[in-house]
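Chemist: Provide a 3D model corresponding to the input given below.
(2 chains)
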Amino acid sequence: MKNARIFFTKDGACKYISHLDTNRVMLRAIGKSRLDIWHTEGFHQHAYITFALPLSLGFASTCESMDFRLLDDNADMTAIPDRLNACLPAGIRVLRCADAKYKPADIDSASYEVRIEPMTDKDISIEELYNRLNTFLAQPEIPVEKKTKKGKKTVDLKAYLLDFSTDFDKTVNMKLRLPAGPVLNINPSLLVGAFETYCGTELYSDMTRTGVFTKEGRHFE
Amino acid sequence: MYPKEIEKYLLKVQKPGRYVGGELGEVIKDKHDVDVRFAFCFPDTYEIGMSHLGIKILYSLFNEKPYIWCERVFAPWIDMEAEMRAHDIPLYALESGDPLTEFDFIGFTLQYELSFTNILNMLSLGGIPVLSKDRHDLNHIVVAGGPCACNPEPITDFIDIFFLGDGEDVDLEVIELYRACKREGKSREEFLRMAAQISGVYVPSLYDVSYRDDGTIAAVTPRDGAPAKIEKRVILDMDSCYYPENFVLPNIEIVHDRAVMEIFRGCIRGCRFCQAGFLYRPVREKSIDRINEECHALCRNTGYDEVSLSSLSSSDYTQVVPLLRKLNSWAKPEKVSLSLPSLRVDGFSDDILNEVKTVRKSGLTFAPEAGSQRLRDAINKNVYEDELINTCRVAFEGGYTSVKLYFMIGLPTETLDDVAAIAGLAKKILDTYYSIENRPKGKSPRVTLSASSFVPKPFTPFQWEPQDSMDILREKQKHIKDSITSKKISLSKVTYNYHDTDTSFLEAVFARGDRKLNKAMLLAHERGMRFDSWSDCFSLQNWLDVFEECGIDPAFYANRRRDFDEILPWDHLDYGVTKEFLKRECERAYASQPSPNCRENCMNCGMKKYGGGVCYEKR
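Modeler: Numbers count the residues shown, from 1 in each chain, chains lettered A, B, ... in the order given. Below is the predicted model:
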């Protein structure tokens, strides 16, 4: 038996699959692919899979990962992406399969690309929105209310913005990196929500997770 | 692919995965390569519609034809409907994202009466005129099939064509005819007239209905050569009947998220309250080999690890245990579990239990339907108290501690004693538990009773019967509660929900309604009423207001006893069972006399004329 980790993208219609449903889609794909992987041994036996970092509903991603155990020590990992892709909806594509290099607990931050636009052209121009975003981000503090298990608390997002850059084309675009992982997780929608309040107009944002990193700043592999 | 403009609204609604398609197994074609585009509409949410077997069968069947592209459409939930209406987004099909106006056929499945308003709402959301008379060209043909097509009279103003009986053959014949008419430049009217000549096709606009002063029907008169009686279609050889080898696999959780294998159509029992038991006669079984082959392929193709063997009464499959053993020869090693829904009290055996998945050792569900033996005989349930007690004993000895029992109240001939007997039966089951020496220790037993309100349906021996008034039904619910003597016996929430009597009343109005109800349906739609089967949306008062404004007395449909010789709104539709037979069965019910099932003794229901199925089985 050996551990394996697949890396996959999630996009298009599959952005709207919740984390729980992603688990279900993956289990069925494994069943259909007939990959020989370890199953739990309880009353209801099922393939054992785990996800390093859940992805919010509505987010696209280029860097998702999922772990499982191959029963055959000599199984050919290079064949696994094609076998799974044949069993998955088009919006989920497995890019590669490899040994798990880091533990999910090593995850420390994640990077995102966010495309922001007003709900209608009449609300605000893209250029104006871009300028406001820059002023918003230039504030010394960006306090927001974050819901935690213990209730609401106010956090300063500015302190968590590890790095960021902005530009605009048809939309206002922001690249940013935020804490992620088991200890502290900051969802970029918190920042967009705060920006929306700041602008006083409803915004639509298209979010993509583009990278997951370890404490040392290495790509999570 | 969903229309790009909805992305802005998707994250504002619950479960956006309902509205985007993109599942494994969806069929994408180039619209320029096909002659006929068919929008298969399920008048309820995605999770319910995607669980329905009929849509899976017809979707695959249609799409196997290179010249048809069949797509799926579901009713958007109220939050999504609000976004669509606010931003002028027409109802679209999940595969192409194209609005309903791009389709040749808009087909609905009629699974329950309370989904009728959703049909009108979906048409209007899709930009299709809701009234047939406002649709003129040879496109946007609105068709409907399914069990409620057996009395489609309340929605005849909206639907162009109804399909009666098994859809696999007749649907394709009508699509073929449409294709030919299109090629030859025929008009919509010419197409409809020609379609009416196909067996199993009911074109309601070709029939005139006249009424007597008392509101009952005087005559139903066909026009333009339409047949006086429209006969349902029956597929006799289930082994040669089309069955899909793959399903569209939903990306979000649906109600029945598993593989489904149909093992037979019809039911031998003839329970007198059960419409399906008469509509789908005669019983036609699939062979073990065919089921085995199709079932294995389906599990391999879908990746599901659970398969449900579907029928109206699974334990009535003639070789159920050999079938289960054969399936398990591959299912067990491949970690696929089998489930057998619709088990009868008398069909529950150790042999079956050893082969099927027993979810948890806690809940067992049976449907005795009536509390007293007298009433069970009257409704022809043919379940005996000692069988039920024995089955429960076996279950308790096997480690089960709770039993759920389904009953109906308001059944014809029912007295308050029959109602009290429901609680009495529960007590006997509880006593059985305590009489067992090796009963499960440390756990308290639980008997849960669920009592829903009976709705008389067309093509059953009770089609002439009045439904109990809502007051009487509530009184009977209370009487069950008052008759319960132990704290270990409880009533399910459904039973204590006043809603149940309200929705059952409306269901009773539509189930046996006539064409006069079209007016109420349209007004209800104009007032924004839909999702009547959902407590979030249903309001009886809103309906009573609509009926009053239309000058309709709903009790005329729900609570009136019909004479045997009254012309019923569905008398021009022929489902094989004769009126004479239904009358005989009704009289036997009055005498509390059960009838043998199809395999014991033929009661001459009329099905022999089809020349196959259980009527001609070797015994």
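Chemist: when you work out contacts or count neighbours from here on, use the C-alpha atoms and nothing else.
Modeler: Fine.
Chemist: on the pLDDT front, check residue 137 for me.
Modeler: No chain in the question, so chain A it is. As predicted, A:Leu137 sits at a pLDDT of 95.
Chemist: try chain B instead
Modeler: We note a pLDDT of 96 for B:Asp137 in this prediction.
Chemist: ditto for the one 4 residues further on
Modeler: Reported pLDDT at B:Ile141 in the predicted model: 98.
Chemist: list the contacts for B:Arg135?
Modeler: Listed by Cα atoms under 8 Å, 6 or more residues apart in numbering or on different chains, the contact partners of B:Arg135 are B:Pro129.
Chemist: list the strands paired with the lowest-mean-pLDDT helix or strand in chain A, with their directions.
Modeler: Lowest mean confidence among the helices and strands of chain A (mean pLDDT, DSSP states H and E): strand A:143-148, at a mean of 84. Strand A:143-148 sits in its sheet next to strand A:151-156 (antiparallel), going by DSSP bridges.
Chemist: now do the partner strand: everything it contacts.
Modeler: Here strand A:151-156 makes contact (Cα under 8 Å, 6+ apart) with A:Glu141, A:Ile142, A:Pro143, A:Val144, A:Glu145, A:Lys146, A:Lys147.
Chemist: list of residues touching the longest helix along chain A?
Modeler: Among the elements of chain A assigned as helix by DSSP state H, the one spanning the most residues is helix A:19-33. Residues outside helix A:19-33 that contact it (Cα under 8 Å, 6+ apart): A:46-47, A:49, A:54-57, A:83-84, A:86-88, B:251-253, B:299-305.
Chemist: next, the buried residues of that helix.
Modeler: Neighbour-count burial for helix A:19-33 flags A:21-33 (criterion: 16 or more other Cα atoms under 10 Å in any protein chain shown).
Chemist: send the alpha carbons of it over as CSV?
Modeler: Presented in CSV, the C-alpha positions along helix A:19-33 are these (Å, rounded to 0.1, in the frame of the first residue of the first chain):
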residue,chain,number,x,y,z
HIS,A,19,-16.8,20.5,-0.8
LEU,A,20,-19.1,17.7,0.4
ASP,A,21,-20.4,17.1,-3.1
THR,A,22,-16.9,17.2,-4.5
ASN,A,23,-16.1,14.3,-2.1
ARG,A,24,-19.1,12.4,-3.5
VAL,A,25,-18.2,13.1,-7.2
MET,A,26,-14.6,11.9,-6.5
LEU,A,27,-15.9,8.7,-4.8
ARG,A,28,-18.1,7.8,-7.7
ALA,A,29,-15.2,8.6,-10.2
ILE,A,30,-12.9,6.2,-8.3
GLY,A,31,-15.6,3.6,-8.3
LYS,A,32,-16.1,4.0,-12.1
SER,A,33,-12.4,4.1,-12.8
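Chemist: so how many other residues sit close to A:Ala79?
Modeler: By the measure other Cα atoms under 10 Å in any protein chain shown, the count of residues near A:Ala79 is 11.
Chemist: and for B:Ser483?
Modeler: Counted with other Cα under 10 Å, residues neighbouring B:Ser483 total 15.
Chemist: may I have the phi/psi pair for it?
Modeler: Main-chain dihedrals, B:Ser483, degrees, to the nearest 10: phi -90, psi -10.
Chemist: residue contacts, it?
Modeler: B:Ala420, B:Ala423, B:Gly424.
Chemist: can you tell me the SS state at the last one?
Modeler: What DSSP: H, G, I helix; E, B strand; the rest coil gives for B:Gly424 is helix.
Chemist: list the contacts of it.
Modeler: B:Gly371, B:Ser483, B:Ile484.
Chemist: buried residues, the strand or helix carrying B:Ala218. List them.
Modeler: B:Ala218 belongs to strand B:217-222 when assigned by DSSP states H and E. Neighbour-count burial for strand B:217-222 flags B:Ile217, B:Ala219, B:Val220, B:Pro222 (criterion: 16+ other Cα under 10 Å).
Chemist: please name every helix or strand in contact with that strand.
Modeler: Applying 3 or more Cα pairs under 8 Å, 6 or more residues apart in numbering or on different chains; DSSP states H and E, one finds that strand B:217-222 contacts strand B:207-211.
Chemist: now B:Arg258: how far from B:Lys186?
Modeler: Distance of B:Arg258 to B:Lys186, computed by Cα to Cα, to the nearest Å: 44 Å.
Chemist: which one of those two is surrounded by more residues?
Modeler: Counted by other Cα under 10 Å, B:Arg258 and B:Lys186 do not tie: B:Arg258 has more neighbours, with 18 against 14.
Chemist: average pLDDT for the next helix or strand after the longest helix of chain A?
Modeler: Tracing the chain past helix A:19-33, the next element assigned as helix or strand by DSSP H and E is strand A:50-51. Across strand A:50-51, pLDDT averages out at 96.
Chemist: stretch B:474-490 too?
Modeler: In this model, stretch B:474-490 has an average pLDDT of 91.
Chemist: for A:Ser111, see how far away the residue in the stretch 1-150 of chain B that chain A sits nearest to is.
Modeler: Nearest to chain A in the stretch 1-150 of chain B, going by Cα to the nearest Cα, is B:Leu24, at a distance of 4.4 Å. According to Cα to Cα, B:Leu24 and A:Ser111 sit 29 Å apart.
Chemist: and the gap between the residue of chain A found nearest chain B and A:Asn185?
Modeler: Residue of chain A nearest chain B, by Cα to the nearest Cα: A:Lys32 (3.7 Å). A:Lys32 sits 34 Å away from A:Asn185, going by Cα to Cα.
Chemist: next: B:Lys56.
Modeler: Applying Cα to Cα to B:Lys56 and A:Asn185 gives a distance of 42 Å.
Chemist: show me which of those two is the more surrounded one.
Modeler: Counted by other Cα under 10 Å, B:Lys56 and A:Asn185 do not tie: B:Lys56 has more neighbours, with 19 against 15.
Chemist: for that one, what are its contacts?
Modeler: With contacts defined as Cα under 8 Å, 6+ apart, B:Lys56 is in contact with B:Met50, B:Pro244, B:Phe247, B:Val248.
Chemist: what's the pLDDT at the second one?
Modeler: Looking at B:Pro244, its pLDDT is 97.
Chemist: isn't it up against B:Ile55?
Modeler: No: checked against Cα atoms under 8 Å, the pair B:Pro244 and B:Ile55 is beyond contact range at 10.6 Å.
Chemist: neighbour count winner among those two?
Modeler: B:Ile55 (19 against 16).
Chemist: is it true that that one touches B:Phe40?
Modeler: Yes: using Cα under 8 Å, B:Ile55 is in contact with B:Phe40, at 7.5 Å.
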